[in-house]
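Asks: from the sequence below, what's the structure:
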Amino acid sequence: MTQGRKAHDIVKAASVRGKGQIEIEELPVPEPPAGMVLLKVLYCSICGSDVERLYSPVWDLATEEQLKGLRGAILGHEHVARVQKLGEGVTGLSVGDRVVDMHIPCGTCYYCIRGMGDLCMGGRVRGHPYDGTPPPVPGPSRWGAMAEYTVRPARRLLKVPDSISDEEAAMTEPLATGVTALHAAGTRIGDSAVIIGVGHIGLCVLAAARAAGAAPLIAIDKNRARLRVAADMGANIVLNPDDTDVIQAVVDATRAGPDFAFTCVSSQAAGVLEQAFEMVRFEGTVIIVGAPAPAALPTGKWLTKRVTVRGVVHMGEKMFPSLRLMEHRRVDVRPMITEVVPLEDTQRGFESLRDGQNIAVLLKP
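Replies: Purely as a prediction, here's the structure:
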């Protein structure tokens, strides 16, 4: 334990020490600056982007100076927490409130002043300093929620309804990614949709599509455990590329190709975007939710098929409707939570996701 400090003055946090390396360290409990709130983290889900960052090839290519911005980072942005202490000037929140938080747009850039805060050029995502305020604990990106306590700006915290469990609330952010994808696509009742890659983000897209009335819902993945969960969560058809020609199977099931294809893979998976483009119907839409490998799409076929390709990045604006979906039981995210591990086992949680052993892992500080 840090010398000269009492146990209640210390916060444990899972910090990045190198490629694939997580270390539990002890830090002073931060004091919330004015306008901010000290939060006791209840659960934090490990996002696919966290896994990618920990095992990224950047570790092998970056200079020593660049690595300073990676080592010591405290990751984590998919979480639920309880208000522990209010900074000066905070109103509308009370100690004990359960909350989730969102993206912080700057409010002044080209996009913000045009009402498009989700495209903010100067805002910060969770896990990074906000609005130029120095972090209470020095170091790179020390604001993540893979810790016992963290600090957040009060103005973008949402209270969690009592009927939503802590575990469900921790999945609000990934569910909001699914809701964002459905809004971006403009999916209507009865539209067909295929989800390529049903990790926890793909399953959230599936859940949102089901709530929106899309049918049939087709899930594609090479991981059989994920496909079983997808079926439990409402997929009408599940397909494994190792077992079948998925393009032909999707076209047959939808008669012409799906109205919408959502690519929800990560780790630069090759051929995914081309596959989605090939299977979607004429004038269909491909929504890129994950980060597949760069693609070479046939421009001649694009011209005649008239497919729309659009990228989606969730930055917090759909957190409220996601909470509402869970509150009124239109979406159940619990089947995708395959393990809860203590903060001390964060390393194992990351490894289980990297190796495909789990779908969604919750860390419990």
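Asks: quick one: low-confidence ranges for the stretch 1-150 of the chain?
Replies: 1-8, 122-141 (pLDDT under 70).
Asks: tell me where it has strands.
Replies: 10-18, 21-28, 36-45, 78-86, 98-101, 149-153 (DSSP state E, counting those that start in this stretch).
Asks: for Asp162, which of those strands is the nearest?
Replies: Asp162 sits nearest to strand 98-101 of all the strands of the stretch 1-150 of the chain, at 8.4 Å, using Cβ to Cβ. C-beta here means a position set from N, CA and C on the backbone, and glycine is covered the same way.
Asks: who touches the closest one?
Replies: Strand 98-101 is contacted by residues 37, 39, 42, 79-83, 93, 126, 152-153, 156-160, 166, 169, 172-173, 316, 319, 323 when judged by Cβ atoms under 8 Å, 6 or more residues apart in numbering.
Asks: quick one: strands adjacent to that strand?
Replies: Strand 98-101 pairs in its sheet with strand 78-86 (antiparallel), strand 157-159 (antiparallel), by DSSP bridges.
Asks: okay, those in a markdown table with distance to Gln248 and mean neighbour count next?
Replies: Output for these, formatted as a markdown table (distance: least, Cβ to Cβ, whole Å; neighbours: other Cβ atoms under 10 Å):
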| stretch | distance to Gln248 | mean neighbour count |
| --- | --- | --- |
| strand 78-86 | 36 | 23 |
| strand 157-159 | 44 | 18 |
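Asks: so which of those comes closest to Leu297?
Replies: From those, taking Cβ to Cβ, the stretch that ends up closest is strand 78-86, at 31.4 Å.
Asks: and the angle for that closest one with strand 149-153?
Replies: Relative orientation of strand 78-86 versus strand 149-153 (axes from the mean of the first three to the mean of the last three Cα atoms, to 10 degrees): 80 degrees.
Asks: contacts for strand 78-86?
Replies: By Cβ under 8 Å, 6+ apart, strand 78-86 touches 31-32, 37-47, 93-101, 145, 149-150, 152, 154, 157, 160, 166, 169-174.
Asks: now for Glu283, how many residues are close by?
Replies: 10 (other Cβ atoms under 10 Å).
Asks: count the neighbours of the closest residue to it other than its chain neighbours for me.
Replies: Distance criterion Cβ to Cβ, 6 or more residues apart in numbering; nearest residue to Glu283, sequence neighbours excluded, is Arg306 at 4.8 Å. By the measure other Cβ under 10 Å, the count of residues near Arg306 is 10.
Asks: now do Arg255
Replies: 9.
Asks: quick one: pLDDT of it?
Replies: Per-residue confidence at Arg255 stands at 96 (pLDDT).
Asks: ok, back up a step: nearest to Ala295, out of the strands paired with strand 98-101?
Replies: Using Cβ to Cβ, these put strand 78-86 closest to Ala295, at 27.5 Å.
Asks: picking up where we left off before, want to try a markdown table for the strands of the stretch 1-150 of the chain, with distance to Leu227 as columns?
Replies: Shown next, in a markdown table, are the strands of the stretch 1-150 of the chain (distance: least, Cβ to Cβ, whole Å):
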| stretch | distance to Leu227 |
| --- | --- |
| strand 10-18 | 30 |
| strand 21-28 | 29 |
| strand 36-45 | 21 |
| strand 78-86 | 23 |
| strand 98-101 | 29 |
| strand 149-153 | 35 |
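Asks: so for Gly311, which of the ones you listed sits nearest?
Replies: Checking these against Gly311 by Cβ to Cβ gives strand 78-86 as the closest, at 20.0 Å.
Asks: tell me the angle the closest one makes with strand 36-45.
Replies: For strand 78-86 against strand 36-45, the angle by the same axes, to 10 degrees is 150 degrees.
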